[in-house]
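**Student:** my questions concern the predicted model and sequence given below.
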Amino acid sequence: MSKEHKIILSLLSLTMFLVILDSAIVNVALPAIKKGLQFDASLLQWVLTGYILTFGGFLMLGGRTADLYGRRRVLVFGIAGFSLFSLLIGFSISSTMMIALRALQGLCGAFMAPTALSILLTTFQEGEERNKALSVWSIVASGGAAAGVFLGGLLTQYLGWRWCFFVNVPVGIVAIIGILKYIPPHILEAKDKRLDIPGAVFVTGGLMALVYALTLASQTGWTAMTTLVALGLSVILLVSFIVNESKVTHPLVPLSIFRIRNVTGGNLIMLPIVAGALGQFFFLSLYVQNVLRYSPVVSGLCFLPIPIIIGIISYQAPKLLSKFGFKPLAIVGISLATLGVFILSFLDIGSSYWLHMLPAFVLLALGFGISFVAITVAATSGVPAHESGLAAGLINTSQQVGGALGLAILAVVANTATAGALTAGKSIDIATVQGYHQAFLTATSLMGIALLVAIFVIRTPKAAKISK
């Protein structure tokens, strides 16, 4: 890998780190944000949901816009907006202002994530070179959430929750300067500039309605009228999107891309594995603070082994990919991560970090480090260069929708189990832990689904096995 390519990869990884960081860094800061802005308890979740809603909804549009109008241009504008809204969030004076700005921040992130991955796919040739680049990318993408919890704890305890957002500004400025200097302005930019506006409206509206419905489900239940209406609207819009894409001359998402088996399989794996992973990280951060009574900084330190191990394993992933191919790695990695989540389901109010949590964290980190690179390679291999932004948008959409799905499902399960335990006369702590227990078992099931897809859908091309 040339020096210039290493610099480009560093800048793209930095961009992705900003996006992943802000989806996780607020977890530890939520109690401080609630107190500082006098949040109503029912609205606090929208600090996370407002970000996920626009992020997940606009990812497909973000990836396709980059393909059509220039990847560097879209990436720079996305980072600039993201940094600006981060600064404004840090100066928030009300809960309404915070939620609105978080939604705008997520919108900018939706143009950053797929564009950065698209530039990576068009910069590095498919094979060993791209696998090495994706291993670094995966270190950031899979370890960023745990790193975000750690950094959130440090910043919240020593500088205040506002610095969880202020910190994005200097990082964003450095990224923009580097991108303008080292990334060419036109990387395989599409010649046909026609954007499928109806398709963009259908898929964006459909995904936002779906994420919103999942959020409502965690608050009011799956059978509530508002949840059902949102789900119904999502189905109508997404079906309309599929019909539209099958008929228009220049579709936003050419359905032919799903004929590439591993693209379909990779996305079907990413959806449930992120659903299980993000959901359990959310409840783990609550567990260490609310049950074990750890301070924000100690809570953050608890998760530090995860990004470290993921970084070490992901860095070795290209060698493993060359030797075994991505299907065996996906199966082994997902199996380890599933076992790690299952072990967490045995936590109780007096569990030891060293005896009960750390062993599970090691398995989780090993599993994510091994599998995440393999899944990303599978979901982006064999894709034509002019559709790289589309492939990047798809895999990022699977991540975000999976994350929203996981949070919603696990929240419903945990809340139901906790309410039942309280009704049975259990103490708050015991009832809460019983809710977490059921949430972790549900996360285990979701990751088990990902394992089945890896076994029965993914195929490793012979060339991928012998590439050196």
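**Tutor:** Perfect, thanks for sending it.
**Student:** quick one, domains of the chain?
**Tutor:** 3-195+252-466, 196-251 (automatic domain parsing).
**Student:** and the one helix or strand residue 228 maps to, which residues are buried?
**Tutor:** When elements are assigned from DSSP states H and E, residue 228 belongs to helix 225-247. Of the residues in helix 225-247, 227, 230-231, 233-234, 237-238, 240-241, 244-245 count as buried by neighbour count, 16 or more other C-beta atoms under 10 Å. Where you see a C-beta, it was placed from the backbone N, CA and C, and this is true even at glycine.
**Student:** for the following helix or strand past it, name the packing helices and strands.
**Tutor:** Per DSSP H and E, helix 225-247 leads on to helix 261-286 as the next helix or strand towards the C-terminus. Secondary-structure packing of helix 261-286 (3 or more C-beta pairs under 8 Å, 6 or more residues apart in numbering; DSSP states H and E): helix 26-36, helix 128-158, helix 326-344, helix 358-380, helix 388-423, helix 428-456.
**Student:** could I get those helices in a markdown table, plus columns for distance to residue 297?
**Tutor:** What follows is these, written out as a markdown table (distance: least, C-beta to C-beta, whole Å):
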| stretch | distance to residue 297 |
| --- | --- |
| helix 26-36 | 9 |
| helix 128-158 | 4 |
| helix 326-344 | 22 |
| helix 358-380 | 17 |
| helix 388-423 | 24 |
| helix 428-456 | 22 |
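**Student:** so which strand or helix has residue 98?
**Tutor:** helix 95-123.
**Student:** could you give the angle of that helix to helix 128-158?
**Tutor:** Orientation check (axes from the mean of the first three to the mean of the last three C-alpha atoms, to 10 degrees): helix 95-123 against helix 128-158 gives 160 degrees.
**Student:** what's the offset of helix 95-123 from the middle of its chain?
**Tutor:** 11 Å (C-alpha atoms, centre = their mean, to the nearest Å).
**Student:** cool, and stretch 316-325?
**Tutor:** The answer for stretch 316-325 is 24 Å, by C-alpha atoms, centre = their mean.
**Student:** give me the number of residues near residue 40?
**Tutor:** 10 (other C-beta atoms under 10 Å).
**Student:** for it, which three-state class applies?
**Tutor:** Look at residue 40: counting by DSSP: H, G, I helix; E, B strand; the rest coil, its state is coil.
**Student:** hang on, isn't it packed against residue 94?
**Tutor:** No. If you go by C-beta atoms under 8 Å, residue 40 and residue 94 don't touch, sitting 11.3 Å apart.
**Student:** re earlier: what's the helix holding residue 228 in contact with?
**Tutor:** Identification of contacts with helix 225-247 by C-beta atoms under 8 Å, 6 or more residues apart in numbering yields 196, 198-199, 202-203, 205-207, 209-210, 212-213, 216-217, 220-221, 251-255.
**Student:** now with 6 Å?
**Tutor:** 198-199, 202-203, 205-206, 209-210, 212-213, 216-217, 251, 253, 255 (C-beta atoms under 6 Å, 6 or more residues apart in numbering).
**Student:** now do stretch 28-43
**Tutor:** So stretch 28-43 is in contact with 44, 95, 98, 149, 152-153, 156, 161, 164, 285, 296, 299, going by C-beta under 6 Å, 6+ apart.
**Student:** mean confidence score for it?
**Tutor:** Across stretch 28-43, the average pLDDT comes to 82.
**Student:** next one: it to chain centre, how far?
**Tutor:** That offset, for stretch 28-43, works out to 23 Å (C-alpha atoms, centre = their mean).
**Student:** and that stretch, which residues are buried?
**Tutor:** For stretch 28-43, using 16+ other C-beta under 10 Å, the buried residues are 28-34, 36-37, 39, 43.
**Student:** returning to that earlier point: which one of the contacts of stretch 28-43 sits closest to residue 385?
**Tutor:** residue 149 (36.2 Å; C-beta to C-beta).
**Student:** neighbours around the closest one, how many?
**Tutor:** Neighbourhood size, residue 149 [other C-beta under 10 Å]: 30.
**Student:** ok, now how distant is the nearest residue to it once chain neighbours are set aside from residue 411?
**Tutor:** What sits nearest to residue 149 in space, not counting adjacent residues and going by C-beta to C-beta, 6 or more residues apart in numbering, is residue 303, at 4.7 Å. Distance, residue 303 to residue 411, by C-beta to C-beta, to the nearest Å: 20 Å.
**Student:** those two - which one has more neighbours?
**Tutor:** residue 303 (27 against 21).
**Student:** surely the more buried one touches residue 148?
**Tutor:** No. Look at residue 303 against residue 148 with C-beta atoms under 6 Å: they stay out of range, at 8.9 Å.
**Student:** residues contacting residue 144?
**Tutor:** Counted by C-beta under 6 Å, 6+ apart, residue 144 has contacts 17, 20-21.
**Student:** if you set the cut-off to 10 Å instead, what comes out?
**Tutor:** 13, 16-25, 151, 307, 310 (C-beta atoms under 10 Å, 6 or more residues apart in numbering).
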